[in-house]
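1. Just the structure for this:
(one chain, ligands or ions: 2)
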Amino acid sequence: MLLELKDVRVHYGKIEALRGVSLAVEEGEIVSLIGGNGAGKTTTLKTISGLRPLTSGAVLFEGADIGSMAGHRRVRLGIGQAPEGRGIFPGMSVHENLLMGAYARKDDHAKELAEAYELFPRLAERRTQAAGTMSGGEQQMLAIGRALLAKPKVLLLDEPSMGLAPMLVQQIFSIIEEINRRGTTILLVEQNAQQALQLAHRAYVLETGRIVKSAPASDLLDDPEVRAAYLGGDLGVADAPAQADTPAED
Ligand SMILES: Nc1ncnc2c1ncn2[C@@H]1O[C@H](COP(=O)(O)OP(=O)(O)OP(=O)(O)O)[C@@H](O)[C@H]1O
Ligand SMILES: [Mg+2]
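-> Ligands and ions are numbered 1, 2, ... in the order given. Take a look at the predicted model:
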């Protein structure tokens with residue numbers, strides 16, 4: 001197992017944001033974590049990357065307990081994150097932002113730099129532009145590109161589709177699929193459950209700090225409770241006759 005959380009509890013002061021979360025990600029997988037606002041998705045990713053301390057439980061990476069390891073050391077081990085809200089450096093150029101992703105590396109990053117520009121041609125066109133003046137979608141691409149420069153074994157993505165126009169959402173999801181196809185394991189947090197479940201191999205549903213379901217992603221797409229809560233309500237109930245005025249989902 002590449003990444004494993006065992007009965008993880010995390011607090012913000014007295015608020016228990018994670019109430020015993022257990023999940024696992026195997027090498028090569030795309031695993032999706034879905035759930036509503038405040039469910040604890042971002043907290044889960046921050047706990048994996050070392051930005052939030054554990055109250056109890058364990059985080060294992062390649063079998064080793066990393067629960068109390070500093071964040072920058074986890075990056076070096078191969079845990080990469082494109083954070084919620086993107087977290088790019090606004091005053092630095094696109095190119096400089098990408099290089100920041102390789103900051104912790106001592107080996108050559110030329111291959112990953114070329115790959116980031118290849119996956120995101122828009123970044124190549126704008127390599128000297130100040131990152132803060134890039135559009136929201138472009139900044140999202142930059143955040144993912146920067147994470148790739150660290151050459152992660154697992155890439156943690158926090159709502160990469162947030163705020164993007166539908167066409168760009170499609171594009172981001174297909175790039176995530178391509179990144180996975182090239183060998184990077186992905187843990188994807190999304191509120192865009194339909195797309196996330198179509199992309200992922202397996203998924204977990206998080207509600208108020210607890211995992212309430214875990215299954216192959218295609219099973220969750222057909223799960224009536226998941227459909228009702230996260231996939232647009234009863235319009236999508238399995239076996240319901242197609243309605244003429246229901247927009248096609250593709
Ligand atoms: N810095 C903080 N201080 C206090 N409480 C926090 C803090 N960050 C998160 N929380 C609380 O922890 C819980 C989980 O938050 P988290 O950000 O992990 O949710 P989320 O699933 O990512 O939600 P969203 O979909 O809105 O991004 C929420 O109840 C939130 O209010
Ligand atoms: Mg969040």
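2. helix or strand for residue 31, which one?
-> Per DSSP states H and E, residue 31 falls inside strand 30-34.
3. For this structure, give me the ranges with low pLDDT.
-> Scanning the chain with the threshold set as pLDDT under 70 gives 85, 233-250.
4. Enumerate the residues of it near ligand 1.
-> 12, 15, 17, 35, 37-43, 84, 191 (Cβ under 6 Å from any ligand atom). Just so you know, the C-beta spots here come from the backbone N, C-alpha and C atoms, and that holds for glycine as well.
5. Any of those residues buried? List them.
-> 17, 35, 39, 40, 41, 42, 43, 84 (16 or more other Cβ atoms under 10 Å).
6. three-state assignment of the residue nearest in space to the middle of the chain?
-> In the chain, the residue lying closest to the centroid (Cα atoms, centre = their mean) is residue 157, at 1.9 Å. Assigned by DSSP: H, G, I helix; E, B strand; the rest coil, the conformation of residue 157 is strand.
7. how many neighbours does the closest residue in space to residue 194 that isn't next to it in sequence have?
-> Excluding its sequence neighbours, the residue lying closest to residue 194 (Cβ to Cβ, 6 or more residues apart in numbering) is residue 231, at 5.5 Å. Residues near residue 231, counting by other Cβ atoms under 10 Å, number 20.
8. How about residue 121?
-> Close neighbours of residue 121, defined as other Cβ under 10 Å, add up to 10.
9. Repeat that for residue 163.
-> Applying other Cβ under 10 Å, we find 14 residues neighbouring residue 163.
10. Am I right that it is in contact with residue 138?
-> No - here residue 163 does not reach residue 138: they are 11.7 Å apart, not a contact under Cβ atoms under 8 Å.
11. okay, and the common contacts of these two?
-> Contact criterion Cβ atoms under 8 Å, 6 or more residues apart in numbering; residues shared by residue 163 and residue 138: none found.
12. would you list every one of the helices in the protein?
-> Here the chain has its helices, by DSSP state H, at 41-49, 71-77, 94-100, 110-119, 121-125, 136-149, 166-181, 193-199, 217-221, 224-230.
13. got the contact list for the second one?
-> Identification of contacts with helix 71-77 by Cβ under 8 Å, 6+ apart yields 48-51, 61-62, 66, 69, 104-105, 150, 152-153.
14. what are the phi and psi angles of residue 151?
-> According to degrees, to the nearest 10, the main-chain angles of residue 151 amount to phi 50, psi 60.
15. How is the chain divided into domains?
-> 3-78+152-236, 88-151 (automatic domain parsing).
16. Pull out the buried residues from stretch 62-81.
-> In stretch 62-81, counting by 16+ other Cβ under 10 Å, buried: 66, 67, 69, 74, 75, 78, 79, 80, 81.
17. Of those, which pair is most distant in space?
-> Taking Cβ to Cβ as the measure, the buried residues of stretch 62-81 span a maximum distance of 18.4 Å, between 67 and 80.
18. thinking again about what came up before, would you check how far apart the residue nearest to residue 194 and ligand 1 are?
-> Residue 231 sits 16 Å away from ligand 1 when distances are taken as Cβ to the nearest ligand atom, to the nearest Å.
19. The closest residue in space to residue 146 that isn't next to it in sequence and ligand 2: what is the separation?
-> Counting by Cβ to Cβ, 6+ apart, residue 101 is the residue found nearest to residue 146 once chain neighbours are left out, at 3.7 Å. Look at residue 101 and ligand 2: by Cβ to the ion, to the nearest Å, they are 21 Å apart.
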